[in-house]
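Student: Predicted coordinates and the sequence they were generated for:
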Amino acid sequence: MRKLLVTLLAIVALPMAAFAADYKEGTHYEVISSQATTQPEVMEFFSYYCPHCWKFEPIVEALEDGLQGVELKRGHVEFLPPRNPQLGQMMTRAFAAAQVLKVVKPFSEQVYQRNFVQRKMVATMDDVRDIFTAIGVKKEDFNGAYNSFPVNSLVAQMAQKTKKYGVSGTPSVIVNGKYKVLAGGLSDSDDFVADYVKLVNYLVTLK
């Protein structure tokens, strides 16, 4: 009986062991801190002014559906566009408002559509208000959320995490506050999105 139990445990451990053998520091991930978070954490940093972030959205959706035992968190960075950081600050607050109002997906779709399909850059508060109105948010609800305490808290948290993890480019995915995912390590993958999710789930298990 004992031998059977040991055998079964070994079989269960095989998939994770295989993943561990396949993933290499410097190729698939970078260690950015000596200390991991006390609880598992996966955080994606992005900007609405980053075309690569727009293309990264299918991976974001896959992570939201495929992470094991942890919820994806997202942080909008303020340093893009570099010549006009005020826009980054405005859109960070707008993203936080979208979170509070529970309209992140339609809001993001509208912003990316304007910025990279219609090429009519979201550049003013009127643009932001128009988008919220277009996705069905009442003007008074948007105005109430935009400068609310929950939005202020989210904005502060995103800025703090961006600085703490030394984020300087987007999109960036940081796992457990210690591991930065290196997408280039999966360049030969036959199913990049699925393999990206597997890599992140592996990193979640590390301390």
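Tutor: Perfect, I can see it now.
Student: Just list the residues touching Met125, thanks.
Tutor: Met90 (CB atoms under 8 Å, 6 or more residues apart in numbering). All C-beta spots, glycine's among them, are computed from the backbone N, C-alpha and C.
Student: Could you measure from it over to Tyr48?
Tutor: Met125 sits 14 Å away from Tyr48 when distances are taken as CB to CB, to the nearest Å.
Student: Which of the three states applies to the most centrally placed residue in the chain?
Tutor: Central residue of the chain (CA atoms, centre = their mean): Glu44, 2.0 Å from the mean position. Of the three states, Glu44 takes strand according to DSSP: H, G, I helix; E, B strand; the rest coil.
Student: Test my guess that it contacts Ser172.
Tutor: Yes. Counting by CB atoms under 8 Å, Glu44 touches Ser172, with 7.2 Å between them.
Student: Neighbours of the nearest residue to Gly26 once chain neighbours are set aside, how many?
Tutor: Excluding its sequence neighbours, the residue lying closest to Gly26 (CB to CB, 6 or more residues apart in numbering) is Leu182, at 7.8 Å. Per other CB atoms under 10 Å, the neighbour tally for Leu182 reads 18.
Student: who's in contact with Leu182?
Tutor: Contacts of Leu182 by CB under 8 Å, 6+ apart are Gly26, Thr27, His28, Tyr29, Glu30.
Student: now swap in Val77 and tell me
Tutor: Phe45, Phe46, Ser47, Gly88, Thr92, Met158, Thr162, Val167, Thr170.
Student: For the fifth one, the count of nearby residues, please.
Tutor: The burial metric for Thr92, expressed as a neighbour count using other CB under 10 Å, is 22.
Student: Wasn't it part of a helix?
Tutor: Yes. Counting by three-state DSSP, Thr92 is found in a helix.
Student: That one is in contact with Lys161, isn't it?
Tutor: No. At 11.6 Å, Thr92 does not count as touching Lys161 under the criterion of CB under 8 Å.
Student: I'd assumed Gly75 was in a strand, is it?
Tutor: Yes. When three-state DSSP is applied, Gly75 is found to be in a strand.
Student: State the distance from it to Tyr29.
Tutor: Counting by CB to CB, the gap from Gly75 to Tyr29 is 19 Å.
Student: So which of those two has more stuff around it?
Tutor: Gly75 (26 against 23).
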